[in-house]
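Peer 1: quick check, what structure comes out for this input:
(one chain, ligands or ions: 1)
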Amino acid sequence: MQSAATKKIGMGLVGPGFIASHHIDAVRRLGYAEVVALADVSVEHARSKADALGIRNAYGSAKELIADPDVDVIHNTTPNHLHFEVSMAAIEAGKHIVSEKPLAMDSDQCRRLRDAAKAAGVVNAVMFNYRGNPLVQQMRAMIAADEIGTTVFVKGQYLQDWLTDDHVFSWRLDPALGGKSSALADIGSHTCDLAEHVTGSKIVSVLADLGTIVKTRYTSGSAIAFSGEKGGDLREVQIAGEDVASVMIRFANGAKGIVTVGQVLPGHKNDLQLEINGRKASLGWKQESQNELWIGRYDASNSVMAKDPSLMAASAKPYAHLPGGHQEGWPDAFFNVVSAIYGWVRAGAATPKPEVVSSFADATHVTEIVDAMLRSHDGGNVWVSVE
Ligand code: SOE
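Peer 2: Below you'll find the predicted structure:
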């Protein structure tokens, strides 16, 4: 029998989809937390998924899962239109909350969640998981240590192709379920969050040009991201949200930059890249070859640094779990962020937030950036300040 002192932190997950199994795997890897409950649209769906994943309690609603006394931390992996309702209910019940991005449908909803989480004194986090990559932390450490000099230019891109085929449809493309923004909210948000986390400077204004390349889609239902699933009994859907975006950005520290985003670009699978140019050196990182960091120099040879803990900055080392040459990947970086969130839960919500974790306040700012991009485009491609 477990003593009170060894009782594991209980995790409950609402909304099992593509990303849910990664939340479950990461929490299980911690050792000191337990996945105790899962909620889906009906108790039958929940029970069959819970059985498949070896989870004890299954519920047909978020409300019941939140009320489970064994659940300490709620993971909200529902589609965007349910984020607000589920996260707010968790906060009102005094439970810690981990939400998928974007935090909510618009800036106003995000601000309400941010303020409620602060008032309730619960741990609040949004899964901007790329922060957890060892070499992303290495970039951050090198910039903080002034190894590349003043940051003057930033190039972020996030390109995918899973929506290229007009017979693929996702709830993300339905404004009622995904929100007004499509590609920017889904993956542009990661790019902006990463650029700010690495440079330590906020994006203050934007000029955006958005486009919808695939204007008509044919579907029988919503496919899971990257599944390549196509509809059977088809209906036609007109698409209003952006599937490509080119955005100029300005940072508070004076740096300028550009963010490009697209989800209909053949050949780009999960092509997130970030390049930072300082006055002394440049750094470049590609998610698809995440164990290497490009270091560019003016007066010496360029080099490629391996993800080897023995070479890495002290603050970045803990994010690498294996020696150089042993490749780490997407789930490891995801785990690093989940691990920091649960470290925060263990330390208590009143202790300082680990920097690798994006809080509801950080994620609210990211949605404010996306909202500014939409206003910039709608206003005729003009410079707009981030609220
Ligand atoms: C689909 O575009 C998606 O699964 C995003 O929703 C994730 O945030 C990203 O990490 C991978 O692609």
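
Peer 1: how far away is the residue nearest in space to the middle of the chain from I55?
Peer 2: What sits nearest the mean C-alpha location of the chain, by C-alpha atoms, centre = their mean, is F128, with 2.9 Å. Going from F128 to I55 by C-beta to C-beta, to the nearest Å gives 26 Å. Any C-beta I mention is one placed from the backbone N, CA and C, and that applies to glycine too.

Peer 1: again, but for R297
Peer 2: 51 Å.

Peer 1: sorry, back to before: was I right about the residue nearest to the centre of the chain contacting H190?
Peer 2: Yes: using C-beta atoms under 8 Å, F128 is in contact with H190, at 6.2 Å.

Peer 1: domains for this protein, by residue range?
Peer 2: Following automatic domain parsing, one finds the domains of the chain at 1-132+329-381, 134-324.

Peer 1: and these: which comes nearest E387?
Peer 2: Of all these, domain 1-132+329-381 sits nearest to E387, with 5.0 Å by C-beta to C-beta.

Peer 1: how close does W285 sit to A300?
Peer 2: Going from W285 to A300 by C-beta to C-beta gives 20 Å.

Peer 1: I'd assumed A306 was in contact with E328.
Peer 2: No: judged on C-beta under 8 Å, E328 makes no contact with A306 at a distance of 11.4 Å.

Peer 1: tell me which of these two has more neighbours.
Peer 2: Legend: neighbour count by other C-beta atoms under 10 Å for E328 and A306, higher for E328 (19 against 14).

Peer 1: near the ligand, which residues of the stretch 151-300 of the chain show up?
Peer 2: Contact residues, the stretch 151-300 of the chain versus the ligand (C-beta under 6 Å from any ligand atom): 160, 186-187, 190, 225, 270.

Peer 1: of all these, which two lie farthest apart?
Peer 2: H190 and A225 (13.3 Å).

Peer 1: and the helices in the stretch 151-300 of the chain?
Peer 2: Taking DSSP state H, counting those that start in this stretch as the criterion, the stretch 151-300 of the chain carries its helices at 175-178, 183, 189-199.

Peer 1: got a list of contacts for the shortest one?
Peer 2: Helix 183 is contacted from outside by 241-245, 261-263, using C-beta atoms under 8 Å, 6 or more residues apart in numbering.

Peer 1: quick one: which of those is nearest to the ligand?
Peer 2: Q263 (6.4 Å; C-beta to the nearest ligand atom).

Peer 1: which SSE is P323 in?
Peer 2: Using DSSP states H and E, P323 sits in no helix or strand.

Peer 1: swap in A50?
Peer 2: Here A50 is assigned to helix 43-53, by DSSP H and E.

Peer 1: same for that helix, what does it pack against?
Peer 2: In this structure, helix 43-53 makes packing contacts with strand 33-39, strand 57-59, judged by 3 or more C-beta pairs under 8 Å, 6 or more residues apart in numbering; DSSP states H and E.

Peer 1: most packed of those?
Peer 2: Of all the helices and strands packed on helix 43-53, strand 33-39 carries the top mean neighbour count, a mean of 24, counting by mean count of other C-beta atoms under 10 Å.

Peer 1: who does that one pair up with?
Peer 2: When pairing is defined by DSSP bridges, strand 33-39 lines up against strand 9-14 (parallel), strand 57-59 (parallel).

Peer 1: just give the nearest non-adjacent residue to S21, would you?
Peer 2: L53 (7.3 Å; C-beta to C-beta, 6 or more residues apart in numbering).

Peer 1: show me where the protein dips below the pLDDT cut-off.
Peer 2: Counting by pLDDT under 70, the chain has low-confidence residues at 1-5, 222-232.

Peer 1: switch to 90 and redo it
Peer 2: 1-6, 16-18, 219-235 (pLDDT under 90).

Peer 1: for stretch 136-155, which positions count as buried?
Peer 2: Under the neighbour-count criterion of 16 or more other C-beta atoms under 10 Å, stretch 136-155 has 136-143, 148, 151-152, 154-155 buried.

Peer 1: what's the answer for stretch 39-58, then?
Peer 2: Neighbour counts over stretch 39-58 (16+ other C-beta under 10 Å) mark 39-40, 46-47, 49-50, 53, 55, 57-58 as buried.

Peer 1: want to throw those into TSV with distance to the ligand?
Peer 2: Below are those laid out as TSV (distance: C-beta to the nearest ligand atom, whole Å):
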residue	distance to the ligand
A39	20
D40	19
A46	22
R47	26
K49	19
A50	23
L53	19
I55	22
N57	27
A58	25
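
Peer 1: please, which helix or strand holds I91?
Peer 2: Secondary structure (DSSP H and E) places I91 in helix 80-92.

Peer 1: so, in contact with the ligand or not, that helix?
Peer 2: No: taking C-beta under 6 Å from any ligand atom as the criterion, helix 80-92 and the ligand are apart, separated by no less than 10.0 Å.

Peer 1: give me the number of neighbouring residues for A347.
Peer 2: With other C-beta under 10 Å as criterion, A347 counts 13.

Peer 1: could you do the one 5 residues further on as well?
Peer 2: The number of residues packed around P352, counting by other C-beta under 10 Å, is 7.

Peer 1: how about it, phi and psi?
Peer 2: Main-chain dihedrals, P352, degrees, to the nearest 10: phi -60, psi 140.
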